[in-house]
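Asks: Sharing a sequence plus its predicted fold:
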Amino acid sequence: MSCLNILEIRHEIFEYVFATTGGHRDLAALARTCRAYHVPALSILWRTHKSLVPLILCFPSDMLDLSTQVGRYRDIITVKLKFAKLPSLKDWERPLMHAKFIRELTGWDQWYGRKEYDLRFTTLETLFDSCPASPLFPTLRYLDLSYCRILPTRAPRSLHSDAQVASAYLRKIACPAVLQSLRMYNGTPSRNTYDCRSLLALVLELYPTIKSLAFHDNVNAGPVDGGLALSRNLTIVGSFRSLTSFTVKGSLPESFNLVPSFPTLLKLDISCSVSSALKILKAILSPGLRQIRFWLYPSDRVLELCAVLASRASWRDSLRYISIVDPFVCSQALETLFALSHLCYLDLSCSTIDDSLLERAARAWPMLERFFVSDGNIDCPPRPTLQSLVSFSRHCPHLTHLSLPLDARQIPSPRIDVNRSEISRGISGSSMVRDARPVLKLTGHVTVSDPAGMAGFLLDLFPGITFDPTPYDDLDDECHLMSKEVAQIINQRRPGQHC
């Protein structure tokens, strides 16, 4: 039992308990077992919360006024949560003990089981005005300011319509040196979207060292009002000198150009039109951008977008992760990304892809670890064949997950088109031998005619491979059953039965 005296071991055990079914209940029981378990268990139980309801329920029962009524659904009870009187310093002892463990306040959800808690402005106002500690959450690292149920504002849904009221309470929430991540949502036009600019300026003043910011603009505000508000807000966001991760959703006016900013940015997540994404990319000064995720409106300017990524000399060495969702990337745009020689993760939809293109991709990205390609025109040739996998076996020794639409009706002969002695010497600058390679997982839409032949080819090429075919509506059931048969044969023959 002496090993349980080591704090790190107790944390590992409690994390495991917390992740199991009924983990909350079991971990709460462990917290009540002894003093040695109390603090480590509570730190996990209270680490993340979606609202302030659990903290308010820690006050003595005679302090709270709970009135219940049947909610919108018959099996849901709505509980109006209010303070019956002003909490004293003694009443705050238990809530403060738990508040110091909260590291993430993740949003507005007030649902707990079959109860929906209704937090009113006066309840939150009383909570913060009576709090004897400042800040209330000394270890808070992530804060979601999207809705008023985190801060006391009079607007029923939008925090940002009452930024001046919120400013007094922002100072009482988190420690500027500890808070690292912030999420904001720009409300509807009826709530005055431009007030979000005041709140952003306030956040910049109080928490200038924020490292991660997610800003979702109201996409229903229209291209004029919503876009103008977003452009003004982005100007302030660019002033965060320590910002390393930025998520933005919205559109910019065609006539607006951002001032060059974001000198320390490492991760960028954009959900907007391609033209807006281009404006943001061109304004980024950071030479070390590593990760980009695009959620773009369909456009024929994706080629221009890829050209911008490949045009920065520093980004050619720094970019590791690219995901492009929605618009199809033409083969020419994909070839533009070949300049990013250190790419490790790529996820996109390509309108035209074949063995020749994939062979050049494997040569261009020797550090590739995960490669996902989807093709909406799955029945339209040309499609990659099993021969394309040989290229990845030759040039991508770190590959762990590959998802491709494959035409596997013909098995290449001989099965192995790879010189093992050549691999042991190293190809594309790699000295990694085949046996040291990570286990490859192959997924995607696959057309099969010879399950046993395909399984033998895959096992010869990647001895530790796992195969998980993806069903597709346009493919008949027989084809998918044959793909599943390939997976079963691989599971039976795989050396060591690795899963």
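Replies: Received the coordinates, thanks. The shown structure was predicted, so the numbers you read here are calculated from the model rather than taken from an experiment. Residues are numbered from 1 along each chain as shown.

Asks: Need phi/psi at residue 357.
Replies: Here is the backbone geometry of residue 357 (degrees, to the nearest 10): phi -60, psi -40.

Asks: Wait, it touches residue 333, no?
Replies: No: between residue 357 and residue 333 there is no contact, the gap being 11.4 Å when judged by C-beta atoms under 8 Å. All C-beta atoms are positioned from the backbone trio N, CA, C, and that covers glycine.

Asks: what is in contact with these two at once?
Replies: Overlap of the contact sets of residue 357 and residue 333 (by C-beta atoms under 8 Å, 6 or more residues apart in numbering) is empty.

Asks: Tell me the buried residues in stretch 392-402?
Replies: The neighbour-count check on stretch 392-402 (16 or more other C-beta atoms under 10 Å) flags 392, 393, 394, 395, 396, 397, 399, 401, 402 as buried.

Asks: How about stretch 354-366?
Replies: Those would be 354, 355, 357, 358, 359, 360, 361, 362, 364, 365, 366, for stretch 354-366 by 16+ other C-beta under 10 Å.

Asks: mind listing what the fifth one touches?
Replies: Residues counted as contacts of residue 359 (C-beta under 8 Å, 6+ apart) are 388, 391.

Asks: Can you verify it is assigned to a strand?
Replies: No: assigned with DSSP: H, G, I helix; E, B strand; the rest coil, residue 359 falls outside any strand and is helix.

Asks: Adjust the sequence numbering to begin at 51 for everything that follows.
Replies: Shifting the count to begin at 51 puts that one at residue 409.

Asks: how close does it sit to residue 403?
Replies: Separation of residue 409 from residue 403 (C-beta to C-beta, to the nearest Å): 11 Å.

Asks: show me where pLDDT drops low in the stretch 401-549 of the chain?
Replies: 425-432, 464-488, 521-527, 545-549 (pLDDT under 70).

Asks: if you set the cut-off to 80 instead, what comes out?
Replies: 401-402, 425-433, 463-489, 520-530, 544-549 (pLDDT under 80).

Asks: State the pair within the buried residues of stretch 442-452 that is farthest apart.
Replies: Farthest-apart pair in those is 444 and 451; separation 17.8 Å (C-beta to C-beta).

Asks: Touching the longest helix along the chain from outside, list them.
Replies: Using DSSP state H, we find that the single longest helix of the chain is helix 527-543. If you take C-beta under 8 Å, 6+ apart as the criterion, helix 527-543 is touched by 496-499, 501-502, 504-506, 508-509, 515-519, 521-522, 547, 549.

Asks: which of those count as buried?
Replies: Buried among the contacts of helix 527-543 by 16+ other C-beta under 10 Å: 496-498, 501, 504-506, 508-509, 515-517, 519, 522.

Asks: Among these, which lie within strands?
Replies: 496, 497, 498, 516, 517, 519 (DSSP state E).

Asks: so which of those residues comes closest to residue 192?
Replies: Distances from residue 192 to these, taken by C-beta to C-beta, are shortest for residue 516, at 34.2 Å.

Asks: Does that closest one touch residue 508 like I think?
Replies: No: using C-beta under 8 Å, residue 516 is not in contact with residue 508, being 9.7 Å away.

Asks: Give me the mean pLDDT for whichever strand or helix holds residue 115.
Replies: Applying DSSP states H and E as the criterion places residue 115 in strand 114-120. For strand 114-120, mean pLDDT is 76.

Asks: cool, and stretch 335-350?
Replies: 87.

Asks: Over to it now: how far is its first residue from its last?
Replies: 26 Å (C-alpha to C-alpha, to the nearest Å).

Asks: same deal with stretch 285-293?
Replies: Using C-alpha to C-alpha, the two ends of stretch 285-293 sit 13 Å apart.

Asks: so how far is that stretch from its chain's centroid?
Replies: 21 Å (C-alpha atoms, centre = their mean, to the nearest Å).
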